[in-house]
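J.: here is a sequence together with a model predicted from it:
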Amino acid sequence: MSRPGFVLEVDERTPPILFHHGENFRLEKLPLGSRVVYGPDPLPGIGDVDAAIEHALLNPLGMEPLPSLLRPGMRLTIAFDDISLPLPQMRTPDIRGRIIEHVLRHAARAGVDDVRLYVANSLHRRMTAAEIKRAVGERVFRSFWPDALQNHDAEDRDNLAYLGKTEHGEDVEINKHAAESDLLVYVNINLVSMDGGHKSVAVGLGSYRSVKPHHNVETMLQSKSYMDPRHSALHRSCDRMGKIVEKTVKIFHIETTLNNRAFGAPFEFLQKREWEWTLKDQAAYFAAKRANDRTPVKTRRAMFHKIAAPYGLTGIAAGDVDEVHTVTLERVHRQQIVEVDGQADVLVAGLPYIGPYNVNSIMNPILAVCEGLGYFFNMYRGKPLVRQGGVMIMFHPVRNEFHSLHHPSYIDFFEQVLSVSTDPETIQAKFEQQFAEDEWYRHLYRTGYAYHGVHPFYMWYWASHAMAHLGDVIYVGGDRSTVARLGFRSATTLADALDMASETAGRSPRITAMRTPPLWLAEVR
Amino acid sequence: MSGIVKDLRTLQRGFRWGRRPLAPRNVPLPDLAPRDFPTAWARTPAAKAARAAIHEAVMKPLIESQIRPRVHNAHVLSTLAPPVIFYANHSSHLDAPTLLLSLPPSWRDRTAVGAAADYFFDVWWRAAATALVINAFPVERPSR
Amino acid sequence: MTLSLEIYRSVPRYLAARAVGGKLPGMLAGPVAALRLVHRSEPVIDRPGWARITPRLSGVCGSDLTTIAGRSSFYFTALVSMPFVPGHEVVGDLLEACEDLAAGTRVVLDPVLACAARGVEPACEPCARGERGLCERVTGGHLGAGLQTGYCDDTGGGWSQMLTAHRSQLHTIPDGMSDEDAVMVEPLACAIHAVRRANVPRDADVLVAGAGTVGLLTTLALKAETEAARVIVVAKHKHQADLAREFGADEIVSPDQALGSIRRSTGAFRLHPERSGPFLLGGVDVAFDAAGSKSTLDLALRSTKARGTVVLAGMPAKADLTPAWFRELTLTGAYSGAGCFADAIEMAAGNNVGRLVGAAYPLERWREAIDHALEAGRLGTVKVVFKPEGPRALKSGGVQ
């Protein structure tokens, strides 16, 4: 019986609460009266996944069944979500590969020869061969790599098709091969309610020109939050673009939802409510913490990024983008929504070792800002978990460490841009274009495994709503000078952080702590 | 070293080692751990040997110092084939040992005793001792 | 069969409890407690005026914990019949009609087993006067020895799914009263009785040493019934201090500050003997020992002015009685709440005393309940209760 999420009130009988701290954990005793938000238990997964996939393909919503869309001589393009989903990665076989195999089986039966697969990585880094193989499975990889299975290249002028402007004057440009296909099949994993829908193709297969209209500060300030498509300028823009895309190419859109069982043995204790920890869980925590404390960061990182989650599939739907996405969002909400009464003065969150943009990589300071002030802050519908002018306290080491292969433009962003200003609007006006059009970054994005030159800017914009909303931001355990460069404050312990926060939030603040994992979405009243 | 001590102390204080688990006020108590104490280990040859030794050296002298059991109709056993259920129409802690000791060794070796889970199996050491000494297995007595 | 918790005679456990209970309180909820969960045979009613009760909530009292810890005075051994089911703070439903009360009526129990319940006729002198708490025949009549339900083998007790009670022990309560308010009626009755026994003069300074159940309810009764000028409460834990304030305490102090605070308020002199605790010459007019601990009793004796009154509101610990002699104090015992139930029911209804109930446990979780109760103060709880969930009388008659 999966229990819903709930809000705990800390009293004398409450054990210490577990928080992520980058590549480590901590147990913190929160002040009496603090509230801790727990996510719902994992929903049961579908037993026969293959049957569910077939059923979705043969009974799509708002569209003809897949086989009737396939015929010999047609051009078929299959695009799928990149490595930024899910988090942590799922155990093999990855659902994307399973779905693609089903689609290809239908295609083969219908005599379709011209098939090409694209990773819909947008301006993210290219996926490596090994990463792609893990996502699509060995058979698909062997059959299509490297000519017919590629990363989308948003800077390949020869493979971009300009589709026009929306009624708001937003440029729409996507992968040309996909745009000129007879059918575009998209395979999505909807981890959070920001994903999916028209965002999949328009952004996933888009270019800088077509991502710019909604990846900017004004859009972010009008997306409250971007986890709530009903109130998100980001999604409104993507929807407009999606309509233009649909006029050009037929999209058979497949969306999947997963339950929130992110950690299996020996990390089950991470998702267990602390007062339900058995001695075994406490021992597992102790062992993990000891190992972490004694292992160098690099080794730890490698170990953590190898963790694969035993997700269950909670649903799969295919067909028309809007109809499918409505169903998908319902499923995401059913797994993730927790009702929270009222806002806090202080919001406390532990930032994990992994985010969408550092899978198999390092969470550099800019990504730590995006993770905390971007994603964690925005995991709400209704109102933010913390009041206007409140304080957000996060646990993360915020090391001055960057992955030179994956995040080269981030290094320069940290050195050059943040030393001048940390204000998103100033940054956007003064520096974005230069980074976006830089030839060297473009080269690294196209041929190496680097995020696009403009990407660090998007990370900063993703946090702009939080920056405008909060009165103070404190990183506990963060490297002092690094955090200072980011424009925030650091503290050594939670007690010190609360002391610092009292300047803004008073001596007896209402505290809400975000207990993750698992991931959840707050419905704040 | 101090890190280890600090972590252990956090766990010890926070999770009340040596005390019973508690739930915070606005949370329902977590379900009682199922009292399914595994007893298969008590039927391994090593355990059987230990049990036989305990019966001979401790239980027999103890029982016989308290009571003088009189066994009637033991010959019936040679006409019976398992499975067999033995019932005591009495109610005392002495019944199980007395019954066991009154059986011939070949029967005693293969007899397991159903014991109240809430009484004999509520703490691990009593559960282990009961399983070992009288080859017990837990039987739940529901309260309603 | 009735699921019950039973205290039974066990010399080794008693000794073990005394030996380790103080240092390893976790053991008192485990192997060393002479307390076990058993199925007793269902009680039968074979006399008029008796009925069976299914408890809804049964409180855990400090005296119960003292017994489990093996620290009760041997004095009581003559007043109990082992094995007995503890639990004397009970709100429950009648399983069958009892004289004028219909089956299914919700009642609170006055646990004292006096002459009426025991069928002793003629009644002893205190019972005849109406002072059931002072009954001189608590070991006689047709019941085994037992000063109260909860100490008597024959009646059963609150920590079970069924007990028996005599009509003289039953009080009905208003329909609107919550079970939590009702389970606090018995301790509240004891508190009211203690306050009455104290005869608090007008404009008196009163000290309540201890802010657990007894202390908080005594505070409530003092403010309601007396014209004391100031009620000072000694509270060890923050939640107790908050509750004391809500119940009307005028001044709340922590244990180490108590003597100093009383000294200042009453203008007394403080003396510091060698190898003994400090004391006042002067102090409060009336002091209640509401925790039954050595420290609270010492504080009460040492901070009461000459010819003042010290009330033993709970089972007392041992103490140095020198101050009682030297300051010519009146030492007053206050036992049970017999005679104060009607007033307690009224006071309970109006004051939300049910909020003191911090946790309710089923009988199967008695170890957690006892463990919690032993440390209740530090865990932010005042009262721990059992919720036995036994059979109820159906409206149609018959039993579910």
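T.: Noted; the coordinates are in hand.

J.: the residue in chain A positioned nearest to chain C: how many residues sit nearby?
T.: Per C-beta to the nearest C-beta, residue A:12 is where chain A lies closest to chain C, at 3.5 Å. In this view, the C-beta of every residue, glycine as well, is placed from N, C-alpha and C. By the measure other C-beta atoms under 10 Å in any protein chain shown, the count of residues near residue A:12 is 19.

J.: residue contacts, the spatially closest residue to it that is not a sequence neighbour?
T.: In space, and not counting its chain neighbours, residue A:12 is closest to residue C:380: 3.5 Å by C-beta to C-beta, 6 or more residues apart in numbering or on different chains. Each residue near residue C:380 by C-beta atoms under 8 Å, 6 or more residues apart in numbering or on different chains is listed here: A:11-13, A:32, B:25, C:237, C:239, C:358.

J.: could you do residue A:388 as well?
T.: residue A:469.

J.: now name the helix or strand holding it.
T.: Secondary structure assignment for residue A:388, by DSSP states H and E: strand A:386-395.

J.: list of residues touching the following helix or strand past that strand?
T.: With elements assigned by DSSP H and E, the helix or strand that comes after strand A:386-395 is helix A:408-412. Helix A:408-412 has contacts (C-beta under 8 Å, 6+ apart) with A:364, A:366-367, A:402, A:404, A:435, A:438, A:441, A:444, A:450-456, A:459.

J.: show me which of those residues are buried.
T.: A:364, A:366-367, A:402, A:435, A:438, A:441, A:444, A:450-456, A:459 (16 or more other C-beta atoms under 10 Å in any protein chain shown).

J.: pull the most distant pair out of those.
T.: Greatest spatial distance among the buried ones among the contacts of helix A:408-412 (C-beta to C-beta): A:367 and A:438, at 19.8 Å.

J.: doesn't residue C:44 belong to a helix?
T.: No - counting by DSSP: H, G, I helix; E, B strand; the rest coil, residue C:44 falls outside a helix, being coil.

J.: tally of neighbours for it?
T.: Using other C-beta under 10 Å, residue C:44 has 9 other residues around it.

J.: and for residue A:300?
T.: 18.

J.: then the one 10 residues further on?
T.: Per other C-beta under 10 Å, the neighbour tally for residue A:310 reads 15.

J.: please name the nearest non-neighbouring residue to it.
T.: With C-beta to C-beta, 6+ apart as the criterion, residue A:310 has its nearest non-adjacent residue at 4.2 Å, and that residue is residue A:264.

J.: distance check, that neighbour against chain B.
T.: 21 Å (C-beta to the nearest C-beta, to the nearest Å).

J.: helix/strand/coil for that residue?
T.: When classified by three-state DSSP, residue A:264 comes out as coil.

J.: surely it meets residue A:309?
T.: Yes - Residue A:264 lies in contact with residue A:309 (C-beta atoms under 8 Å); the separation is 7.1 Å.

J.: between the two, tell me which one has more neighbours.
T.: Under the criterion of other C-beta under 10 Å, the comparison of residue A:264 against residue A:309 puts residue A:309 first, with 21 against 15.

J.: mind pulling up the pLDDT for the more buried one?
T.: You'll see residue A:309 listed with a pLDDT of 96.

J.: ok, it - contacts?
T.: Taking C-beta under 8 Å, 6+ apart, we find residue A:309 in contact with A:86, A:88-91, A:261-264.

J.: any figure for the gap between residue B:70 and chain A?
T.: To chain A, residue B:70 is 48 Å away according to C-beta to the nearest C-beta.

J.: and the spatially most central residue of chain A, what element?
T.: By C-alpha atoms, centre = their mean, the mean C-alpha position of chain A lies nearest to residue A:356, the distance being 4.4 Å. In the assignment (DSSP H and E), residue A:356 maps to no helix and no strand.

J.: contacting residues around it?
T.: Contacts of residue A:356 by C-beta under 8 Å, 6+ apart are A:84-85, A:87.
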